[in-house]
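# kindly generate the corresponding structure for this input.
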Amino acid sequence: MSARAAEPAGDNAGEQVLTEDLKALEDPTILLRRVWMETEWNKFRDGSNSLEETLGGAWAWRVSASQEWAVRLKLPYDWHLAGDSTGDSNEHGLGDIKVGTATAFRLNDAWRAGGGLELRMPTAEDDLGDDVWRLQGNASVAWDATRWLTFPPATEYNQSIAEEHGAAPQHYLEMFFPATVLLPRYWSVTPRYEAKVDFENHNYVTQSGKLSVAKQLEDPQLGFVLSIKEPFNTGNKEFQVNFSITYYFQSP
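Residues are numbered from 1 along each chain as shown. Model prediction:
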């Protein structure tokens, strides 16, 4: 069966499944069997743009009444569109593949906790990747404050374990503070504050804000998320836009 909480009998069962699917789009403590396609567009101040199409899949299963486990794979294809910088040129090709595993615990009806590991491999063509083997450890909690409001803060600790072709080492911490508001007809809105501490750059802190709007369909079980992210710091990136489509495998 899919890794889901015990479902109540009656008409509320379908509503609980759809609500959980909707929350899972932004909440890493909910592990479900799914596949997704995500488009990410980054606009930079030097006139350049980057576009990434990622095909992802996660397979989750129940370990016990309160614990779930999952494995995940992300296959990206990247485009770089040249800007105004001298020598910049258009490129496209396979990006850096990521594999990961995670677990999550349902502590009670309102609280969940989870964590996992992800490995990013230097599989990208040309200059589209970071040329590093990077390990990421992540941890998250989630609190359902009400039936319609959830706080799922999370952290991701990243460190390169090997560099290729003279690439610079990477070592940074990212922190995410979202608040998901469930709306009628299985819509949701999630404002999120993000902070990144770069330990390789004198502990420089980058701050940004992100706003996501999500919609969950009942049949087929498709979830849609559109988000825009803008940094608060003055840097090269102007903004980032993401759009994803997620299909959830139904419970037998």
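# surely N242 meets F224?
No: between N242 and F224 there is no contact under C-beta atoms under 8 Å: 11.3 Å. All C-beta spots, glycine's among them, are computed from the backbone N, C-alpha and C.
# which one of these two has more residues nearby?
Shown here are N242 and F224; by other C-beta atoms under 10 Å, N242 has more neighbours (18 against 15).
# tell me what K43 is bridged to.
K43 forms beta bridges with N49, F239, as assigned by DSSP bridges.
# now do Y204
Applying DSSP bridges, one finds that Y204 bridges with D198.
# give me the low-pLDDT residue ranges for this structure?
1-11, 251-252 (pLDDT under 70).
# residue farthest from the centroid of it?
Distance from the centre of the chain peaks at T86, with 33.3 Å (C-alpha atoms, centre = their mean).
# quick one: secondary structure of that one?
Three-state call for T86 (DSSP: H, G, I helix; E, B strand; the rest coil): coil.
# just the strands in the stretch 151-252 of the chain please.
Shown for the stretch 151-252 of the chain, the strands assigned by DSSP state E, counting those that start in this stretch span residues 154-163, 171-178, 180-183, 187-198, 204-216, 222-231, 237-248.
# what helices and strands are in contact with the helix or strand where E118 lies?
E118 is part of strand 111-120, with elements assigned from DSSP states H and E. If contacts are counted by 3 or more C-beta pairs under 8 Å, 6 or more residues apart in numbering; DSSP states H and E, strand 111-120 sits against strand 98-106, strand 132-144.
# other residues contacting the longest one?
Where contact means C-beta atoms under 8 Å, 6 or more residues apart in numbering, the residues beyond strand 132-144 that reach it are 27-30, 100, 102, 109-122, 150-164, 167, 169-170.
# contacts only, for N158.
Counting by C-beta under 8 Å, 6+ apart, N158 has contacts R134, L135, Q136, Q170, H171, Y172, L173, E174.
# name the nearest residue to the fourth one, ignoring sequence neighbours.
Pointing back at Q170 there. Distance criterion C-beta to C-beta, 6 or more residues apart in numbering; nearest residue to Q170, sequence neighbours excluded, is S160 at 4.3 Å.
# count of neighbours near the one you found?
Look at S160: counted by other C-beta under 10 Å, it has 21 neighbours.
# okay, the helices and strands packed on strand 111-120 in TSV with mean neighbour count and distance to H92 next?
Converted to TSV, the helices and strands packed on strand 111-120 look like this (neighbours: other C-beta atoms under 10 Å; distance: least, C-beta to C-beta, whole Å):
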stretch	mean neighbour count	distance to H92
strand 98-106	18	19
strand 132-144	18	21
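# let's have those in JSON lines, adding distance to G57.
As requested, the helices and strands packed on strand 111-120 are exported to JSON lines (distance: least, C-beta to C-beta, whole Å):
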{"stretch": "strand 98-106", "distance to G57": "11"}
{"stretch": "strand 132-144", "distance to G57": "18"}
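# for the strands of the stretch 151-252 of the chain, which one sits closest to S50?
Smallest distance to S50 across those (C-beta to C-beta): 9.3 Å, for strand 237-248.
# strand 222-231 and the closest one, what's the angle between them?
Following axes from the mean of the first three to the mean of the last three C-alpha atoms, to 10 degrees, one obtains 160 degrees for the angle between strand 237-248 and strand 222-231.
# which residues are in contact with strand 237-248?
If you take C-beta under 8 Å, 6+ apart as the criterion, strand 237-248 is touched by 2, 21, 24-25, 32-45, 220-231.
# return the distance of the helix or strand that contains E68 from the chain's centre.
Element membership of E68, judged by DSSP H and E, is strand 67-81. Centroid displacement of strand 67-81 relative to its chain, using C-alpha atoms, centre = their mean, to the nearest Å, is 9 Å.
# perfect, I'm done here.
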